[in-house]
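Student: Here is my input, please return the structure:
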Amino acid sequence: MLEIVQTACKEPTPVPEKVAVFVDGVPSSYGHFSQAIKYGDAIHISGQLPIDGKTNKLVSTEVDAQARKVFEHLTAVMQACGGALTNVLSITLYLVDLRDHAVVDKVSRDYFFFMPPARSVVAVAALPFGARLCIDAVAQLPSGELPGGGGGLRRI
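Tutor: Predicted coordinates:
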């Protein structure tokens, strides 16, 4: 004889939707990956290179200009997700030449003039397009709501 026992179970926790983020003007033509993934309120932004979104070419050989372009890309991705750079928790900075760190740090202050995120710095041998730096980021939105319906987000 089979006995069925009912137990009190909590409601299953809903699983957040995984959303791929693709933003016009932010290049993504140098590999098979999403510019970012939004999972619930968390945003994981892929490494951003200093590439012009219209020409798909390096913006400059100067590290200052490269850093500004990368921070512009990070800003655009965060805005598409309904956030801002204030929501960034951590960044990883990849540098071909560690002597460029001081310049990138100075540019970073123009974009993270509030509480700066945690940061790791990694020396690399080379980056695509001859870039001197690349930055990825992890962010947390204050709520799951996307203003304007989340324009720029593609569900996967």
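Student: Which strands or helices does the helix ranked longest in the chain pack on?
Tutor: Counting residues, the longest helix found in the chain (DSSP state H) is helix 63-80. In terms of contacts (3 or more C-beta pairs under 8 Å, 6 or more residues apart in numbering; DSSP states H and E), helix 63-80 is packed against strand 42-48, strand 88-95, helix 101-111, strand 133-140. For every residue, glycine as well, the C-beta is placed using N, CA and C.
Student: rerun at 6 Å
Tutor: The contact analysis (3 or more C-beta pairs under 6 Å, 6 or more residues apart in numbering; DSSP states H and E) places helix 63-80 against strand 42-48, helix 101-111, strand 133-140.
Student: The longest one: which residues count as buried?
Tutor: Translated: helix 101-111. Across helix 101-111, burial judged by 16 or more other C-beta atoms under 10 Å covers 101, 103-104, 107-108, 111.
Student: Reformat the helices and strands packed on helix 63-80 as TSV; add distance to Ser120.
Tutor: TSV is the format used below for those (distance: least, C-beta to C-beta, whole Å):
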stretch	distance to Ser120
strand 42-48	12
helix 101-111	12
strand 133-140	10
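Student: between the ones you listed, which one is nearest to Ala80?
Tutor: With C-beta to C-beta as the measure, strand 42-48 is the member of the helices and strands packed on helix 63-80 nearest Ala80 (9.7 Å).
Student: surely Tyr35 meets Ser28?
Tutor: Actually, residue 35 is Gln rather than Tyr. Yes. Using C-beta atoms under 6 Å, Gln35 is in contact with Ser28, at 5.1 Å.
Student: Output the lowest mean pLDDT helix or strand found in this protein.
Tutor: When each helix and strand of the chain is scored by mean pLDDT, DSSP states H and E, strand 153-155 comes last, with a mean of 50.
Student: Nearest residue to the middle of the protein?
Tutor: Ile45 (2.1 Å; C-alpha atoms, centre = their mean).
Student: quick one: the nearest residue to Tyr30 once chain neighbours are set aside from Ser28, how far?
Tutor: Distance criterion C-beta to C-beta, 6 or more residues apart in numbering; nearest residue to Tyr30, sequence neighbours excluded, is Pro128 at 5.3 Å. Computed as C-beta to C-beta, to the nearest Å, the Pro128 to Ser28 distance reads 12 Å.
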